[in-house]
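Student: Pasting the sequence and the predicted coordinates here, then a few questions.
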Amino acid sequence: MPGPTAGRATGSAPSRIPSVVWLVGPSVLLMALLFGWPMIAGIVQAFAGPEGFTLAHVERMVADPYFWPSVRNTLLLIVVLIPLQFALALAMALLLRTNPRFGGLYFYVWAIPLAVSDLAAGLVWLAVLTDRGYLNSVLAGLGLTPVPWLAFDNPVSLFVAVLVAELWRATALVLVIVVAGLQGIPKDYEEAAAVFGAGPWQRLRHVLLPLLRPSLQVALILRTILAFQTFAVAQALTGQNFPLLVGETYRWYTILQNENVAAALALVVLLLSMLTSVIYLRTLRQAQT
Amino acid sequence: MAEIRMEGLVKTYPGGTERATDDVSLDVADGEFVVLLGPSGCGKTTLLRMLAGLEFPDAGKITIGGEDVTYRAPQDRNLSMVFQSYAVFPHRTVRANIGFGLAMRKVPAAQIAQKVAWAAELLQLTPYLDRYPAKLSGGQRQRVAVARAIVMDADVLLMDEPLSNLDALLRLSFRAELKKIVQDLGTTTVYVTHDQGEALSLGDRVAVMRTGRIVQLGDPLEVYDRPADTFVGGFLGSPPMNFLPATVHDGQLSVAGHARPAPAHLQGHSGDLVVGVRAEHIGISGINDTDGTNGIEARVDVVEPTGSAVLLTTSVGAGPGPAVLKVSAPPTFRARPGDTVRLDLAPDALRYYDAETQLALEP
């Protein structure tokens, strides 16, 4: 008789919540509250006008004289910064892989910037680069003419200042990821490559880099997204003289008190981040099938 | 192809107190197959890695084909090697793995393709050429590692326990295959193993190592038959050589309470020594058999049929510590634990060792 059996099964089932709900539930809830809801609110805010949907905020954002320079600066920073950071981090990680004396100490010293808040890092570099800062003091002491590094009419040195500060601050993140990735690669592969005639460059190109690909992919996506969000360092060093997208968002929100345009700018950052992530994931996809 | 000379190689690893290799000298002739055999930690792998250039010695000299390569980088030595872990590149297809060394040496693509096809055919890898190593079995990966090594036309072929990660059956069949491949190539080969069976079956010569030194170097049968000391006798062979305490007095050798005239070269000797004898060289008969032997009486403790033989663990003599003898009897021999048997130690099967130094007392 199927009746009673089915009845018992359906009778006990609803009272039991599957364990998967307990496992995934909290993080889904948190993501929805702290990430999903603000994002939707932001999107709504960017396109909401007194009479419903409007593109007025987006038009206002684009018409602002600082908008295109901030897009240009952000992209320029990423294009120059990221390759430099990866080259540096890779070189540092490879040095550590040779097990030098005090290698552990170097690693910790190199990782210190990770623990420094970005605004503090910006202020430190400001102290170095400002008109009467450490760098100019040294130059004066050597009998050289001090340079106004952070002057608004000197865009190249402004850019270089932000670049150097960001390089110092954020290369450690790439380093940590690459070091972790390298630790997962057995030495045997390099040794085999060496025995079979590969020199140091060939070993790097044909063995280490391909095996590091998953780590590099993670580091690249993380670093690029974070670079789109570069804010505090540039703000501390240059104020509005070197506008970046997130800095502009901040300006619209606090100084100009226009939440709608600020939301539109935040959306631009989000779209750019998503676009590059997709491009990275597609171009770096493992060829293993 | 080339001959190898190693002279006085000393290596101590940083932080280590013992020498990994202690003044090792070894010559390998052109085209010869030499096996380095020893327990783990004996320095055999260190020696191979110094040959490969993956470690540099603290002292000593290595020449390959007359050229001093002691401190030369691995990529400048024209070697090839099979690694214990295989070290087959996971991000390259089987084809690209086999051709790796040739590609690094900038060999033209057509020539690489030809060599890869040849090696793949030889090692039955042709159907797998476009697969990635993750899709291969352990045995197939091993074949890729060997194929990658043999396409190189290297001066020297190095192998670091290449069979140790295979299961027993595969190891046995691939051993014979490997021997034939290397024979046909004729490359000078140095092979490291801790497996005495592999060493005896593969090598033209076997170098038995212990605590950083070569304790015996010779052709496999000689090393097996005439171990230079009790360590070699105890390491080689399955079961290992039996050792019995013995004494010589007035030209009489006394083993396990059984006296006989001492061999000529021990006539002048007097005092304690150790006698070694292989399990298969001990004659055995039932206690009631009347073939007139005046052998040693022994009690059977354990009977282990192995198929091709019956392995008996026997104890000889009474007293505080009866000597234990492993005897390999014909498969038809029947005995039960507790039985008494008669063992015949033929004089020409006995090897004599100094009780103090454990070194062979040869004529």
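Tutor: Now that the structure is in, tell me what you want to look at.

Student: So the residue sitting nearest the centre point of chain A versus chain B, what's the distance?
Tutor: The centroid of chain A falls nearest to A:Leu226 when counting by Cα atoms, centre = their mean (1.7 Å). Distance, A:Leu226 to chain B, by Cβ to the nearest Cβ, to the nearest Å: 28 Å. Quick note: C-beta positions are derived from backbone N, CA and C, even for glycine.

Student: Name every strand pairing with the least confident helix or strand in chain B by mean pLDDT and say which way it goes.
Tutor: Across the helices and strands of chain B, mean pLDDT, DSSP states H and E gives its lowest value to strand B:258-261, namely a mean of 82. Applying DSSP bridges, strand B:258-261 is found paired with strand B:252-255 (antiparallel).

Student: buried set for the least confident helix or strand of chain B?
Tutor: Buried residues in strand B:258-261, counted by 16 or more other Cβ atoms under 10 Å in any protein chain shown: B:His258.

Student: quick one on the thing from earlier: which of the three states applies to the nearest residue to the residue nearest to the centre of chain A once chain neighbours are set aside?
Tutor: Nearest residue to A:Leu226, sequence neighbours excluded (Cβ to Cβ, 6 or more residues apart in numbering or on different chains): A:Ala170, at 6.7 Å. Assigned with DSSP: H, G, I helix; E, B strand; the rest coil, A:Ala170 falls in the helix class.

Student: Please compute how far the helix or strand hosting the residue nearest to the centre of chain A lies from its chain's middle.
Tutor: Using DSSP states H and E, the element containing A:Leu226 is helix A:209-228. Remark: helix A:209-228 is offset 10 Å from the chain centroid, using Cα atoms, centre = their mean, to the nearest Å.

Student: buried ones in that helix?
Tutor: A:210-213, A:215-221, A:223-225, A:227-228.

Student: who's in contact with that helix?
Tutor: Helix A:209-228 is touched from outside by A:74, A:77-78, A:81-82, A:85-86, A:89, A:166, A:170, A:173-174, A:177-178, A:180-182, A:184-185, A:189, A:245-246, A:269, A:272-273, A:276-277, A:280-281, A:284, A:286, B:89-92, with contacts defined as Cβ atoms under 8 Å, 6 or more residues apart in numbering or on different chains.

Student: so after it, what's the next helix or strand?
Tutor: For helix A:209-228, the succeeding helix or strand toward the C-terminus, using DSSP H and E, is helix A:232-238.

Student: Which strands or helices does the next helix or strand after that following helix pack on?
Tutor: Using DSSP H and E, the helix or strand that follows helix A:232-238 in sequence is helix A:245-254. Counting contacts by 3 or more Cβ pairs under 8 Å, 6 or more residues apart in numbering or on different chains; DSSP states H and E, helix A:245-254 is packed against helix A:67-97, helix A:232-238, helix A:259-283.

Student: Tell me how the chain divides into domains.
Tutor: All of this refers to chain A. Listed by automatic domain parsing, the domain ranges of chain A are A:20-54, A:67-283.

Student: try again with chain B
Tutor: Following automatic domain parsing, one finds the domains of chain B at B:4-235, B:242-354.

Student: which outside residues touch the least confident helix or strand of chain B?
Tutor: With Cβ under 8 Å, 6+ apart as the test, strand B:258-261 has contacts from B:Gly251, B:Gln252, B:Leu253, B:Ser254, B:Gly295, B:Ile296, B:Leu345, B:Pro347.

Student: Which residue ranges of the stretch 1-150 of chain B form helices?
Tutor: With DSSP state H, counting those that start in this stretch as the criterion, the stretch 1-150 of chain B has helices at B:44-52, B:94-98, B:100-104, B:109-122, B:138-150.

Student: Tabulate the ones you listed (TSV), appending mean neighbour count.
Tutor: What follows is these, written out as TSV (neighbours: other Cβ atoms under 10 Å in any protein chain shown):
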stretch	mean neighbour count
helix B:44-52	24
helix B:94-98	25
helix B:100-104	23
helix B:109-122	16
helix B:138-150	23
